[in-house]
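*Asks:* Need a 3D model of the sequence below.
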Amino acid sequence: MIPALPLDEMSTPDKLALMEQLWEALCRTPDDVVSPSWHGEILSEREKRVREGKAKFSDLVEVEDRLRKMTR
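*Replies:* Here you go, the predicted model:
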């Protein structure tokens, strides 16, 4: 059973803190978290692109900048 949370009344920092608590709890039992089959397929395709030299990489600063521009 999932308890009802007052999400509409929570601040963004409170919501983010709650998400962190959930991730920490999930990470304590990683074997209980089953990835969907499509996830493995995507990872395999990405590994293939890396092996073939077709993958593009960005450093964290570039990614953050791109994300900021997308959310404006």
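*Asks:* Look up how far Lys69 lies from the most centrally placed residue in the chain.
*Replies:* Nearest to the geometric centre of the chain sits Trp23, at 10.1 Å (CA atoms, centre = their mean). Look at Trp23 and Lys69: by CB to CB, to the nearest Å, they are 26 Å apart. C-beta: built from backbone N, CA, C; applies to glycine.
*Asks:* just Leu60 next, same as before
*Replies:* The value you get for Leu60 to Lys69, if CB to CB is used, is 15 Å.
*Asks:* what's the answer for Ser44, then?
*Replies:* 31 Å.
*Asks:* what's the answer for Phe57, then?
*Replies:* For Phe57, the distance to Lys69 - CB to CB - is 19 Å.
*Asks:* okay, the longest helix seen in the chain in PDB with CA atoms only?
*Replies:* Assignment by DSSP state H gives helix 12-28 as the longest helix of the chain. The C-alpha trace of helix 12-28 is given here as PDB (Å, rounded to 0.1, in the frame of the first residue of the first chain):
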ATOM      1  CA  THR A  12      10.500  21.200  -4.500                       C
ATOM      2  CA  PRO A  13      13.400  20.700  -2.100                       C
ATOM      3  CA  ASP A  14      11.200  18.500   0.000                       C
ATOM      4  CA  LYS A  15      10.200  16.500  -3.000                       C
ATOM      5  CA  LEU A  16      13.800  16.100  -4.100                       C
ATOM      6  CA  ALA A  17      14.800  15.000  -0.600                       C
ATOM      7  CA  LEU A  18      12.000  12.400  -0.700                       C
ATOM      8  CA  MET A  19      13.200  11.100  -4.000                       C
ATOM      9  CA  GLU A  20      16.700  10.800  -2.500                       C
ATOM     10  CA  GLN A  21      15.300   8.700   0.300                       C
ATOM     11  CA  LEU A  22      13.500   6.400  -2.100                       C
ATOM     12  CA  TRP A  23      16.700   5.900  -4.200                       C
ATOM     13  CA  GLU A  24      18.700   5.200  -1.100                       C
ATOM     14  CA  ALA A  25      16.200   2.600   0.000                       C
ATOM     15  CA  LEU A  26      16.100   1.000  -3.400                       C
ATOM     16  CA  CYS A  27      19.900   0.900  -3.600                       C
ATOM     17  CA  ARG A  28      20.000  -1.200  -0.300                       C
END
